[in-house]
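A.B. asks: Turn this into a model:
(chains A and B)
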Amino acid sequence: MRLTCRAAVAAGLVLHAASAAALTMSDGTLSINGSGTWGYLRTDDNFYLADSDGDYATAGFDVALSARPADQLVITAQLGFDPDEVALEWAFAEWRFSDLARVRLGQVKQPLGNYMELQFIGTARPFYFLPTSVYGPADIGATSYFGAGVTGALPCGDGYELQYDAYGGAIELAVFEPYEVLEEGHDPAELPELEEQLIENIVGGRVSLVTPPGLVLRLSGYGGSVRKEAGEGRPAFFAGGLSALHHGERLWVSVEGFGFVESGSESQLSGYGEVAWFLTKSVQVAARYEVTRTFLEDVSGGSPLLRHDEAGLGLNYWFNPDFVLKTSVHRAEGLRFVGPREDASPPSGPTLLVVAGAQFTF
Amino acid sequence: MRALLVALALLATPAAADDGFRVVVHPSNMAADGLTRTQISQLFLKKTTRWADGRRVEPVEPGDAALRDRFCRRIHGKSAAAVKSFWNQQIFAGREVPPLEKAAEAEVLEVVRSRPEAIGYVSPGAELTGVKVVVAKE
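C.D. replies: Alright, predicted model coming up:
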């Protein structure tokens, strides 16, 4: 019954998306927007987002609500639906003192890099999925933080604008650490699965400089402490990086470099470069290269479990800015984010991933 | 002398009229006098959200795609598609929602006539009784 209701809500909103830009009620005091994605993913052997059997069940749908019950108060939330669950992605209240200072309280999108706030929005990027090295289970950032923050923008003249975010609270990182098998005493037959890691008492921020040609330069990061099992202490954790983004009429470029350090155990450097070009108003080609290097205390480097290198090529067809068909092929080396198929031996060699899907917003 | 008269005549003409649209506000809105194109862009992109007197700015847009594209290219310096992409990023980052959209120009004008804090745009041929046309400075 619950699934039927979910499907009915989703279907209703999709049908609405086909006929309207967004649902706006009460003369703009309540807005409903949505985004969706579906794709077919298949690898040549190993598991990397899918396996060689292919995966059709990748549909996702997000509904974003924004209400303005008072002149300075905005309430915003986003729900995510996928084949397995319904999740609250963020929900917060924002009090707008001015354009320079907006205070946010609740579960707030984490402002990190170019895309962390737009993780589920396929029409905001050229590839079906974001670079795994920064936006995958790479220990870099989370969908949202739990706590309080302040954001604002300061026009600097001549079209330049400085934007900032500062926040504090806690985040839950999605973590995939197959290299735990390299640690002493770990059962090599037991590869870890995707887990969540709570980083508490964080203080973070992002500063963005928006330039008139549309180039955005960003510096973002945060620090906190990792909640561990009793007796394991609370190691310090820091993550941060630099980003550049340009989404012009024809050329899209995104380049980012990030790193993290967890005191006494591990650190990581990762980054990617992505460029896309509209050959026509609708046809877009894209290329991306990404890299991750993880370093463990007391373990010498060189293991494929500590690195990820991936090259991707994409071809997209945009019906309009709200609806796009995407295809891409990716070649990944290293086992930082690649695992074995179920009941298979540990993977070896490069992994080829093919993706074809559609993404939309309203 | 003739050149001076021509220049004065051009200054007195709403800049937007030549661009295929007219920016309109409530007749009582003095804060909109002398807005530059950049300032108008900031108002419609909600980067400036308050008039000089402290009231919240309420931009309103027509649904006409061709009119919207002319406005976006002239005021924002971008295509309507690029502006739509900007709004998608704002919406789903939880930062801002786009201006109120009205399907018909008459509805845009009705909002502007009835709300002192509203600003909209319509085609040059629209019936402009009860609204004030903003002369956009360069």
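A.B. asks: Look at residue 92 and say how many residues are nearby.
C.D. replies: In the absence of a named chain, this looks at chain A. Residue A:92 is flanked by 21 other residues according to other C-beta atoms under 10 Å in any protein chain shown. C-beta: built from backbone N, CA, C; applies to glycine.
A.B. asks: try chain B instead
C.D. replies: Residue B:92: 24 neighbours (other C-beta under 10 Å).
A.B. asks: gap between it and chain A?
C.D. replies: According to C-beta to the nearest C-beta, to the nearest Å, residue B:92 and chain A sit 5 Å apart.
A.B. asks: again with residue B:90
C.D. replies: Taking C-beta to the nearest C-beta as the measure, residue B:90 falls 10 Å from chain A.
A.B. asks: SS state for whatever residue of the stretch 51-200 of chain A ends up closest to chain B?
C.D. replies: With C-beta to the nearest C-beta as the measure, residue A:117 is the residue of the stretch 51-200 of chain A nearest to chain B, at 3.8 Å. Following DSSP: H, G, I helix; E, B strand; the rest coil, residue A:117 is assigned to helix.
A.B. asks: Okay, now the unreliable bits of chain A?
C.D. replies: The model of chain A has pLDDT under 70 over residues A:1-28, A:182-192, A:342-347.
A.B. asks: my bad, should have said chain B
C.D. replies: In chain B, residues with pLDDT under 70: B:1-18.
A.B. asks: Next, name the residue at the spatial heart of it.
C.D. replies: Nearest to the geometric centre of chain B sits residue B:23, at 4.1 Å (C-alpha atoms, centre = their mean).
A.B. asks: can you map out the helices along chain A?
C.D. replies: A:2-19, A:132-135 (DSSP state H).
A.B. asks: Provide a list of residues in contact with the residue nearest to the centre of chain B.
C.D. replies: Neighbour list for residue B:23: B:14, B:16, B:35, B:40, B:75, B:119, B:120, B:121, B:133, B:134, B:136 [criterion: C-beta atoms under 8 Å, 6 or more residues apart in numbering or on different chains].
A.B. asks: Out of those, which comes closest to residue A:58?
C.D. replies: Closest approach to residue A:58 among the contacts of residue B:23 (C-beta to C-beta): residue B:75, at 39.5 Å.
A.B. asks: Make sure that closest one is indeed in a helix.
C.D. replies: Yes: under three-state DSSP, residue B:75 sits within a helix.
A.B. asks: Just give me the neighbour total for it.
C.D. replies: By other C-beta under 10 Å, neighbour count at residue B:75 equals 24.
A.B. asks: How much space separates the nearest residue to it once chain neighbours are set aside from residue B:82?
C.D. replies: Of all residues not flanking residue B:75 in the chain, residue B:41 sits nearest, at 5.0 Å (C-beta to C-beta, 6 or more residues apart in numbering or on different chains). Taking C-beta to C-beta, to the nearest Å as the measure, residue B:41 falls 13 Å from residue B:82.
A.B. asks: okay, and the common contacts of those two?
C.D. replies: Between them, residue B:41 and residue B:82 share the contacting residues residue B:76, judged by C-beta under 8 Å, 6+ apart.
A.B. asks: Who has more neighbours out of the two?
C.D. replies: Using other C-beta under 10 Å, the more surrounded residue of residue B:41 and residue B:82 is residue B:41, with 22 against 17.
A.B. asks: Quick one: residues contacting the more buried one.
C.D. replies: Residue B:41 makes contact with B:47, B:75, B:76, B:77, according to C-beta under 8 Å, 6+ apart.
A.B. asks: Name all residues that make contact with the third one.
C.D. replies: Okay, so that is residue B:76. By C-beta under 8 Å, 6+ apart, the contact set of residue B:76 is B:41, B:44, B:45, B:82, B:83.
A.B. asks: ditto for the second one
C.D. replies: If a contact means C-beta under 8 Å, 6+ apart, then residue B:75 has B:23, B:37, B:40, B:41, B:44, B:136 as its contacts.
A.B. asks: Please identify which of those residues is nearest to chain A.
C.D. replies: residue B:41 (9.4 Å).
A.B. asks: Surely the closest one is in a helix?
C.D. replies: Yes: Residue B:41: assigned to a helix according to three-state DSSP.
A.B. asks: How about residue A:284, nearest residue that isn't a chain neighbour?
C.D. replies: Of all residues not flanking residue A:284 in the chain, residue A:316 sits nearest, at 4.3 Å (C-beta to C-beta, 6+ apart).
A.B. asks: Tell me the spacing between the one you found and chain B.
C.D. replies: For residue A:316 relative to chain B (C-beta to the nearest C-beta), the value is 14 Å.
A.B. asks: ok, how many other residues are close to that residue?
C.D. replies: 20.
A.B. asks: can you check residue B:67 too?
C.D. replies: Residue B:67: 21 neighbours (other C-beta under 10 Å).
A.B. asks: So residue A:107 is in contact with residue A:92, correct?
C.D. replies: Yes: at 6.0 Å, residue A:107 counts as touching residue A:92 under the criterion of C-beta atoms under 8 Å.
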